[in-house]
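Colleague: Kindly return the folded structure for what I paste below:
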Amino acid sequence: MIDHFGGPLGAGPYAGSAGKHTEVIAHWRRGLGRLASLPNTRMKLGGAGLTVFGFDFAAHDLPPSSEALAAAWRPYFDICIELFGVHRCMFESNFPVDKGMFSYGVLWNAFKRLVLAMSADEKSALFSGTAASTYRLEIDGDNA
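Modeller: Got it, this is the predicted structure:
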């Protein structure tokens with residue numbers, strides 16, 4: 001299980017210009033590609049409120065909207081889905097840690113925005129199906 005989008009770094013020596021960010025993302029993507037080649041790996045999509053990602057959500061006077069979170073996380077989300085597919089990815093909450101950056105409702109609304117163009121099956125995989133199969137949980141069809 002890979003947590004928090006696989007930990008792309010955006011703070012300390014990994015912070016900087018757009019060029020530096022592009023370099024960091026490329027390095028992160030290559031590492032994820034190696035992990036994605038292992039069929040037993042799964043990716044948790046969340047935890048990106050942490051300052052190590054390079055987002056300064058906690059430094060603003062007002063918390064970010066779900067639109068702002070979805071826009072900030074879109075590149076990470078898209079790469080993870082491309083490499084692992086929806087049936088090996090699942091959304092996760094990093095609460096209460098992320099509580100200092102945004103609310104629980106805003107987090108889940110951001111996730112909903114990230115999947116707007118996806119099919120019902122893809123959405124189901126990300127919100128519940130992958131977790132259920134990974135952790136061998138039975139989900140009542142009415143609540144899935």
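
Colleague: Could you use CA atoms for every contact and neighbour count after this?
Modeller: Fine.

Colleague: In terms of secondary structure, what does the least confident helix or strand in the chain by mean pLDDT contact?
Modeller: The weakest-scoring helix or strand in the chain, judged by mean pLDDT, DSSP states H and E, is helix 18-36 (a mean of 93). Helix 18-36 is packed against helix 66-84, with contacts defined by 3 or more CA pairs under 8 Å, 6 or more residues apart in numbering; DSSP states H and E.

Colleague: for the helix it packs on, which positions count as buried?
Modeller: For helix 66-84, burial by neighbour count (16 or more other CA atoms under 10 Å) applies to 66-67, 69-70, 73-74, 76-77, 79-81, 83-84.

Colleague: Measure how it sits relative to helix 18-36, angle-wise.
Modeller: 50 degrees (axes from the mean of the first three to the mean of the last three CA atoms, to 10 degrees).

Colleague: rewinding a little: can you name every helix or strand that the helix or strand following the least confident helix or strand of the chain contacts?
Modeller: Under the assignment DSSP states H and E, the closest C-terminal helix or strand after helix 18-36 is strand 43-45. Under the contact criterion of 3+ CA pairs under 8 Å, 6+ apart, strand 43-45 touches helix 66-84, strand 89-91.

Colleague: closest to K112 out of these?
Modeller: helix 66-84 (8.6 Å; CA to CA).

Colleague: From the centroid of the chain, which residue is nearest?
Modeller: For the chain, L45 is the residue whose C-alpha lies nearest the centre (CA atoms, centre = their mean; 2.8 Å).

Colleague: That one: what's it in contact with?
Modeller: By CA atoms under 8 Å, 6 or more residues apart in numbering, the contact set of L45 is D3, H4, F5, F77, C89, M90, F91, E92.

Colleague: JSON lines for the helices and strands packed on strand 43-45, including distance to G49 and mean pLDDT?
Modeller: Output for the helices and strands packed on strand 43-45, formatted as JSON lines (distance: least, CA to CA, whole Å; pLDDT from 0 to 100):
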{"stretch": "helix 66-84", "distance to G49": "9", "mean pLDDT": "97"}
{"stretch": "strand 89-91", "distance to G49": "14", "mean pLDDT": "98"}
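
Colleague: closest to A36 out of the ones you listed?
Modeller: Checking the helices and strands packed on strand 43-45 against A36 by CA to CA gives helix 66-84 as the closest, at 5.6 Å.
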